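In: need the 3D shape of this:
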Amino acid sequence: MKGRPVSDQTAAARWRWLRQHIKRLRNSELEPEEKETTWRFAGLVVAAIPALTAATYLLGMAYHYGYTLAFGLDYAEFSPPADYLLAFGLLSTLNMLKPWMWPVLGSIFTIFPVAIALIICPRWRIHLTWLWQSSMFYRWLIKRAKKIGRYPAPFLFRTLVRLGNNYNKFAFLFLAVLLPIWLALAFFLRGASEAQSQITRLEQGKWSQTEAHSQSPLLGDEPHIRIACNASHCAYRLKGGDTLILRFDQIEQTRYKPEKAASK
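Out: Numbering: from 1, shown residues only. Prediction:
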């Protein structure tokens, strides 16, 4: 072996490793498949639908609560319908997750072709396994595992198990309770920020003509913000800080100008 080139030594080592690897694979028993895994997952999805629906409704409600509160209105008097809040919460959440959507989709569409290529190309798979098991990091991990096995630590093991259980409880609490509350607070602040932005544009005379403009003798020709409406009234924010609530019969019409007509 001393007189052989380095390539021959590597080829011989790979051949020995390949025979041992195939022998281990043939002698290893397949792990028993868990029964009813698909139905269990489907049950979890069905059980999560009401929670997701409630969380989506909470996000939409928090946004409009912060929006109406910035104008000094009572949200209970001008609350949007439930279907609108659900649609608004869902679309706002998707819009918020848009910056992370493409990296996640790119990772998914990268993992699947690589997995399929490794399945249909066993030579590549075996070569990658050889590179991993012949690396220094893999050998260091094996040595550390053997040392840990020779020196058991039952107290430390029990402590880690307890920490793992507490971590799972905290993760469930965070996902089920703290995360929706944190997102609802973020949506509440977004709604209040949007209202303040509209008030600033109205006071500076930069209110867009494409926004809703209602005609009424009580409103005059001043630019105004149509805040919200309920079954019988509409609330308006006037320039100067006044908030006016009108009945439907006090409003002649509400007009929306398209961008082309407003730019003329």
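
In: pLDDT weak spots in the stretch 151-264 of the chain?
Out: Applying pLDDT under 70 to the stretch 151-264 of the chain flags residues 151-153, 155-156, 259-264.

In: 80 instead?
Out: Scanning the stretch 151-264 of the chain with the threshold set as pLDDT under 80 gives 151-161, 164-177, 209-210, 212, 220-221, 256-264.

In: now do the strands in it.
Out: Using DSSP state E, counting those that start in this stretch, the strands of the stretch 151-264 of the chain run over residues 213-215, 224-229, 233-238, 243-247, 253-255.

In: out of those, flag the one nearest Arg158.
Out: Distance to Arg158, taken as Cβ to Cβ, is lowest for strand 224-229 among the strands of the stretch 151-264 of the chain, at 56.9 Å. (Glycine included, C-beta is placed from N, CA and C.)

In: show me what that closest one is packed against.
Out: helix 37-70, helix 179-203, strand 213-215, strand 233-238 (3 or more Cβ pairs under 8 Å, 6 or more residues apart in numbering; DSSP states H and E).

In: adding distance to Ile126, write these out as a markdown table.
Out: Below are the helices and strands packed on strand 224-229 laid out as a markdown table (distance: least, Cβ to Cβ, whole Å):
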| stretch | distance to Ile126 |
| --- | --- |
| helix 37-70 | 29 |
| helix 179-203 | 43 |
| strand 213-215 | 71 |
| strand 233-238 | 70 |
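
In: for Gly43, find the nearest of the strands of the stretch 151-264 of the chain.
Out: strand 224-229 (39.8 Å).

In: contacting residues around that closest one?
Out: With contacts defined as Cβ atoms under 8 Å, 6 or more residues apart in numbering, strand 224-229 is touched by 64, 67-68, 71, 73, 78, 80, 198-199, 202, 207, 211-214, 234-239, 243-244, 254.
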